[in-house]
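Novice: need coordinates for the below:
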Amino acid sequence: MKILLVDDQAIIRRGLISILSSDEELEIIGESDNTQEALNLFQKEMPDLAIINFHVGDECGLKLIKEARKLGGTCKFAILTFSKDRESFQRAMAMDVVGYISLNSQPEELIYAIQIIQKGKKYYDPDLIDMLMQTQKESPKDDSRLALLTSKEKEVLQKLGMGYSNKQIAHSLYISENTVKKHVSQVLSKLELGDRTQVALFANETGLVQFKHSVVV
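Specialist: This is a model prediction of the structure:
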């Protein structure tokens with residue numbers, strides 16, 4: 001797997017390179033401390049995975065992800081952060097990142113996270129998930145809106161709560177992707193939610209599914 005590192009702090013990049021270089025299947029093809037240089041590297045090197053700090057200098061790493069996707073390619077994106085606030089995580093989820101990794105992680109945890117991503121799954125920092133789960137336990141749950149959904153829409157909602165893409169939902173439920181899109185649209189409308197991130201959180205908050213520690217399939 002070819003990896004691009006984007007962080008404005010050289011000491012963090014050096015540490016990441018040292019850790020990731022211990023896995024022979026991982027190749028660091030470039031590093032950058034700013035968004036413009038990173039975009040140039042995207043075009044030149046075509047990485048499989050970009051590990052990006054949530055904050056790159058005065059800019060947000062999520063903005064870099066948005067610009068990088070305009071260039072095409074199949075690169076996946078993982079966020080590095082010290083933050084554990086709900087809003088930042090929701091914003092990253094809305095960008096469909098495959099990883100949300102704490103900068104406080106131990107070296108073996110970082111390697112594990114990348115290996116999970118390499119297998120086509122998603123990795124979210126377990127401490128963050130614990131915090132979100134605790135917040136959900138303390139918040140009142142409203143599952144009355146679930147009664148508005150058909151059985152198939154509930155199945156789709158459950159898969160959304162587990163982080164499935166439309167393609168994965170279609171494969172799992174043996175329906176077409178177009179049918180999945182229609183169900184997702186109905187779920188959003190009936191639950192009066194704005195996007196898939198809110199839907200996923202709703203599914204977890206109501207207990208329809210629960211966040212999996214570390215990995216969301």
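Novice: tell me the phi and psi of I28?
Specialist: Torsion angles at I28 (phi, psi; degrees, to the nearest 10) stand at phi -80, psi 110.
Novice: for the protein, what's the longest helix?
Specialist: The helix spanning the most residues in the chain, taking DSSP state H as the definition, is helix 177-191.
Novice: what is the helix or strand following that one packed up against?
Specialist: Sequence order places helix 196-205 as the next helix or strand after helix 177-191, per DSSP states H and E. Judged by 3 or more C-beta pairs under 8 Å, 6 or more residues apart in numbering; DSSP states H and E, the packing partners of helix 196-205 are helix 86-94, helix 126-138, helix 151-161, helix 177-191. Just so you know, the C-beta spots here come from the backbone N, C-alpha and C atoms, and that holds for glycine as well.
Novice: which elements pack onto the last one?
Specialist: Using 3+ C-beta pairs under 8 Å, 6+ apart as the contact criterion, the neighbours of helix 177-191 among helices and strands are helix 151-161, helix 166-173, helix 196-205.
Novice: lowest-confidence stretch among the ones you listed?
Specialist: Sorting those by mean pLDDT places helix 196-205 lowest, at a mean of 80.
Novice: go through that helix and flag the buried ones.
Specialist: Within helix 196-205, the residues that qualify as buried are R196, T197, Q198, V199, A200, L201, F202, A203, N204, E205, counting by 16 or more other C-beta atoms under 10 Å.
Novice: closest one of those residues to Y100?
Specialist: Minimum separation from Y100 among the buried residues of helix 196-205 (C-beta to C-beta) is found for T197, which lies at 12.2 Å.
Novice: relative to S189, how far out is the closest one?
Specialist: Remark: distance between T197 and S189 (C-beta to C-beta, to the nearest Å) = 16 Å.
Novice: give me the element G30 is part of.
Specialist: In this structure, G30 sits in strand 27-32 according to DSSP H and E.
Novice: can you give me how far that strand is from the chain middle?
Specialist: Relative to its chain's centre, strand 27-32 lies at 21 Å (C-alpha atoms, centre = their mean, to the nearest Å).
Novice: need the contact partners of that strand.
Specialist: Applying C-beta atoms under 8 Å, 6 or more residues apart in numbering, the set of residues contacting strand 27-32 from outside is 1-7, 13, 17, 20-21, 38, 41, 44-45, 47.
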